[in-house]
Each structure stands twice: as structure tokens, then as C-alpha cells.
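Asks: Sequence first, then the predicted structure, then my questions.
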Amino acid sequence: MSLSIGSPAPAFSLPATDGREIGLEALKGRNVVLYFYPKDDTSGCTLEAQAFQALKKDFAAADTEIVGVSPDSLKSHDKFRAKYALDFALASDEATQMLQAYGVWVEKSMYGRKYMGVERTTVLIDRDGTIARVWNKVKVEGHAEEVLAAAKALP
């Protein structure tokens, strides 16, 4: 499934860090950055998380909540957050249902071996729960700044 700008974001409810459940319905009324990443504590994923963390106050000023989503467990997320002092929510989708609904659970290939995994993607959802912007196959450098600019541009 591919996401379309202007269409409703797929509903979800996932366990997240800080012992909370995070879902689209509860986030309505604020802009939301959902960034999908492959794995906690890997080089690219760490750089991406640190970039969003560095801009967290700017995102908050734009009334935008940051939520990272991966198939890792909450235990893994908690270690990752503690190691890098991340203070935004990381949601766990071990069953990959949300990842599939957002079209980011895809077949990948490394060294000739095929496997299923997360395609690094970011989705900006507006206050009404509508998809405002989608970044596919994200390159980490400069990405968080680009997402922030898009969030600031939302009405």
C-alpha cells in the first residue's frame, strides 16, 4: 500500500516507551511526525534519532509530536532511548501490522539474501489525521530539518 497525501492516515495503536499506548486517535489535534526506522542502536537509525532529538524543541514549537516506530521490542527501545537520551516516544510494532498498513514493511536484499524489513520512511500527519507529506527511502543527513520545515508550513 502506498500512502497518498490528503488521505486519512491509517489508524494504529501501539505500545510505546514510558509505559504508554500511542495511537492516531489520541494524537489528533497535533501534527505528528511518524518516522519508521529499521533497528535500534544501528548507525543510521541512531543518527536519525539524534537529529530528531536535536530539533525536538523546534518541533514542539510547531505543535508537532515526534514518534519513532520500528519492529524492535519495548525493552530494546528503552535501552536505545537511555543510551542516547532520547525523550520522544518510540513505538513497538513487533507484529508489523502498522508497518504493513503504512506500506513500509517491504522485501529488502543484502548480500544477495532477501528478507522483510522496514524501509526508512517518514510521514507527516496534520492535526486532523490527514497525511500531509511522505518521505520514502529516507537519507538521514538533513532529513529532520526538512521534516521540521514541512511541519512549520502546516496551517
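Replies: All right, it came through fine. Worth saying up front: this structure is predicted, and the values here are computed from it rather than measured.
Asks: Wait, Glu146 touches Trp135, no?
Replies: Yes - taking C-beta atoms under 8 Å as the definition, Glu146 is a contact partner of Trp135 at 7.4 Å. Where C-beta positions appear, they are placed from N, C-alpha and C, glycine not excepted.
Asks: When these two are compared, which one has more neighbours?
Replies: Trp135 (16 against 13; other C-beta atoms under 10 Å).
Asks: Okay, the more buried one and Ala26: tell me how far apart.
Replies: When distance is defined by C-beta to C-beta, to the nearest Å, Trp135 is 24 Å away from Ala26.
Asks: for Lys79, same thing?
Replies: According to C-beta to C-beta, Lys79 and Ala26 sit 25 Å apart.
Asks: how about the helices in this structure?
Replies: Along the chain, the segments classed as helices by DSSP state H run 24-27, 43-54, 56-61, 74-84, 97-101, 143-153.
Asks: With distance to Ser2 and mean pLDDT as new columns, can those helices be given to me in JSON lines?
Replies: Listed next are these as JSON lines, based on distance: least, C-beta to C-beta, whole Å; pLDDT from 0 to 100:
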{"stretch": "helix 24-27", "distance to Ser2": "18", "mean pLDDT": "94"}
{"stretch": "helix 43-54", "distance to Ser2": "22", "mean pLDDT": "97"}
{"stretch": "helix 56-61", "distance to Ser2": "25", "mean pLDDT": "98"}
{"stretch": "helix 74-84", "distance to Ser2": "27", "mean pLDDT": "97"}
{"stretch": "helix 97-101", "distance to Ser2": "12", "mean pLDDT": "97"}
{"stretch": "helix 143-153", "distance to Ser2": "18", "mean pLDDT": "98"}
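Asks: Now render those helices as CSV, adding distance to Met116.
Replies: Formatted as CSV, the helices of the chain follow (distance: least, C-beta to C-beta, whole Å):
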stretch, distance to Met116
helix 24-27, 24
helix 43-54, 17
helix 56-61, 30
helix 74-84, 18
helix 97-101, 9
helix 143-153, 23
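Asks: Noted, bye for now.
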